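A.B. asks: I need the structure of the sequence given here:
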Amino acid sequence: MDIIQHVHEKFLLAGEKIIETLDGKYTYPVFVEQLKEILNELGAEVCPEVIEEMDKKIYSDKKKEKIGEYYKKTVREPL
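C.D. replies: You can find the predicted model right below:
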């Protein structure tokens with residue numbers, strides 16, 4: 001799934017920034033700003049995909065409900 005790959009890549013990048021900050025490459029305020037940027041990018045990439053998948057599920061569930069309603073109306077129990 002693309003979503004999992006996006007999350008994985010961004011968290012690896014965040015981990016890299018943490019290690020670099022602990023090694024003294026960045027100051028804490030710079031680290032916070034870079035981490036915020038990484039997480040905002042993740043949200044911008046993942047949110048549309050999540051919404052699209054949710055829409056597909058809702059559409060699929062509604063389609064199943066309609067089929068079930070049709071079946072209930074057309075198929076009758078024997079007396």
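A.B. asks: elements contacting the lowest-mean-pLDDT helix or strand in the chain?
C.D. replies: Each helix and strand of the chain was given a mean pLDDT (mean pLDDT, DSSP states H and E); the minimum falls on helix 28-74 at a mean of 83. Contact analysis of helix 28-74 by 3 or more Cβ pairs under 8 Å, 6 or more residues apart in numbering; DSSP states H and E lists helix 2-22 as its packing neighbours. To be clear about C-beta, it is placed using only N, CA and C from the backbone, and glycine gets the same treatment.
A.B. asks: residues in contact with the helix it packs on?
C.D. replies: The contact list for helix 2-22 (Cβ atoms under 8 Å, 6 or more residues apart in numbering) reads 26-28, 30-31, 34-35, 38-39, 41-42, 45-46, 49-50, 53.
A.B. asks: so what's the residue count around residue 17?
C.D. replies: Using other Cβ atoms under 10 Å, the number of residues around residue 17 comes to 19.
A.B. asks: check it and give its pLDDT.
C.D. replies: Note for residue 17: predicted pLDDT of 96.
A.B. asks: sorry, back to before: and the least confident helix or strand of the chain with helix 2-22, angle?
C.D. replies: Using axes from the mean of the first three to the mean of the last three Cα atoms, to 10 degrees, the direction of helix 28-74 lies 160 degrees away from that of helix 2-22.
A.B. asks: chain center to helix 28-74: distance?
C.D. replies: Counting by Cα atoms, centre = their mean, to the nearest Å, helix 28-74 is centred 6 Å from the centre of its parent chain.
A.B. asks: try stretch 22-41
C.D. replies: Relative to the centre of its chain, stretch 22-41 is centred 23 Å away, using Cα atoms, centre = their mean.
A.B. asks: list the buried residues in that stretch.
C.D. replies: 26, 31, 34-35, 38 (16 or more other Cβ atoms under 10 Å).
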